[in-house]
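1. Sequence isn't available, so here's the structure alone:
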């Protein structure tokens, strides 16, 4: 398979400084603000073991930042999911050959300062046209300079976060989406169990569930979740020690509740529109 699971998630926010402060209260280490040259957007990254969380905001109005500005004005949240690939061009060609409407390949750079020095982080993206995968905006990301992203000093988080284990997306009828997702991830990548469908991505899965199933999982915290996506409703993150994570949250005054199997769950209001579940 030419996909290696989730590369990163894109949380669109209205105020990058405020979002960074919110995620640092949650116990994450955030990188300094990066700028996407010519795109009008900037970010802070939360670098995990093999994936990362991107907090993305609009710094200036441009043609390419307009969609992000519209999303942020409507609702902050996790709007896009990047899948990891070593060959964005091959993914683009495979999906196009399967009949999926594709946008042109897109390459860009952004300057990065690491503890070891500076450089330009470089990426190539393969992108479907909007709506190809209902309820989740997906694109496919090839890193040409991974050493400028996965920097050891940036991977140490007070809350013990290690990686993304699942992304939860709401959909009125998950089973009806099987054909759309199998066109991207292949036959047998889509499994349905009751009100939830699980999509195999090559790494951490996507869980598509009805609003009722989401409420069964998260109780009243699901009330603020969107009934159609994007954005995603929740991100499940693996941590080294759930008890230690809870202590960090308590120390920073972050409200949280107990989840299944000893997990700690933070409501969306404290994480820019996204429920965050910390699990062992």
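-> Perfect, I can see it now. As the structure is a prediction and not an experimental result, all values here were calculated from the model. Residues are numbered from 1 along each chain as shown.

2. those helices in the stretch 1-150 of the chain, which residues are they?
-> 16-25, 66-74, 88-97 (DSSP state H, counting those that start in this stretch).

3. and what of the stretch 151-280 of the chain?
-> Under DSSP H, counting those that start in this stretch, the stretch 151-280 of the chain gives helices at 178-185, 211-218, 242-251.

4. where's the second one relative to the chain centroid, distance-wise?
-> In other words, helix 211-218. 20 Å (CA atoms, centre = their mean, to the nearest Å).

5. residues in contact with stretch 78-92?
-> Outside stretch 78-92, the residues within contact range by CB atoms under 8 Å, 6 or more residues apart in numbering are 2-12, 51, 68, 71, 102, 105, 124-126, 136-143, 167, 201-203, 206, 230-232, 235, 273-274. Bear in mind the C-beta positions are built from the backbone N, C-alpha and C, glycine included.

6. Among these, the buried ones, what's the PyMOL command?
-> Of the contacts of stretch 78-92, the buried ones go into a single PyMOL selection, burial set by 16 or more other CB atoms under 10 Å:
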select buried, resi 2+3+5+6+7+8+9+10+11+12+51+68+71+102+105+124+125+126+136+137+138+139+140+141+142+143+167+201+202+203+206+230+231+232+235+273+274
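
7. re earlier: can I get the helices of the stretch 1-150 of the chain in JSON lines with mean pLDDT?
-> Listed next are these as JSON lines, based on pLDDT from 0 to 100:
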{"stretch": "helix 16-25", "mean pLDDT": "98"}
{"stretch": "helix 66-74", "mean pLDDT": "92"}
{"stretch": "helix 88-97", "mean pLDDT": "97"}
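
8. and residue 25, how many neighbours does it have?
-> For residue 25, the count of nearby residues is 18 (other CB atoms under 10 Å).

9. Now do the nearest residue to it once chain neighbours are set aside, the pLDDT please.
-> Setting aside the residues directly before and after it, residue 25 is nearest to residue 252 in space (CB to CB, 6 or more residues apart in numbering), at 4.5 Å. Looking at residue 252, its pLDDT stands at 98.

10. What count of nearby residues applies to the nearest residue to residue 215 once chain neighbours are set aside?
-> Distances taken as CB to CB, 6+ apart place residue 222 nearest to residue 215, at 4.3 Å, with adjacent residues excluded. Counted with other CB under 10 Å, residues neighbouring residue 222 total 22.

11. List the contacts of residue 222.
-> Counting by CB under 8 Å, 6+ apart, residue 222 touches 211, 214-215, 233, 275.

12. for those, which one is nearest residue 114?
-> In terms of CB to CB, no member of the contacts of residue 222 lies closer to residue 114 than residue 275, at 31.4 Å.

13. can I assume the closest one is in contact with residue 266?
-> Yes - using CB atoms under 8 Å, residue 275 is in contact with residue 266, at 7.0 Å.

14. any idea how far the residue nearest to residue 215 lies from residue 271?
-> The gap separating residue 222 from residue 271 is 14 Å, by CB to CB, to the nearest Å.

15. Verify the stated contact: residue 107 with residue 126.
-> No - using CB under 8 Å, residue 107 makes no contact with residue 126, being 10.6 Å away.

16. Report how many residues lie close to residue 253.
-> Residue 253: 8 neighbours (other CB under 10 Å).

17. Am I right that it is in contact with residue 27?
-> No - contact criterion CB under 8 Å: residue 253 and residue 27 do not qualify, at 11.8 Å.

18. By neighbour count, which bits of the least confident helix or strand in the chain by mean pLDDT are buried? Give me those.
-> Lowest mean confidence among the helices and strands of the chain (mean pLDDT, DSSP states H and E): strand 34-36, at a mean of 87. Neighbour-count burial for strand 34-36, counted by 16+ other CB under 10 Å, picks out 34, 36.

19. now it, how far from the centre of its chain.
-> 18 Å.

20. tell me what it is packed against?
-> Here strand 34-36 touches strand 41-47, strand 106-114, going by 3 or more CB pairs under 8 Å, 6 or more residues apart in numbering; DSSP states H and E.

21. Can you tell me what sits against that strand?
-> Against strand 34-36 from outside (CB under 8 Å, 6+ apart): 41-45, 59, 108, 110-112, 121.

22. do stretch 105-122 as well
-> 32, 34-39, 88-89, 92, 123-127, 143-145, 148-149, 151, 153.

23. how about 6 Å then?
-> 34, 36, 92, 124-125, 144-145, 148, 151, 153 (CB atoms under 6 Å, 6 or more residues apart in numbering).
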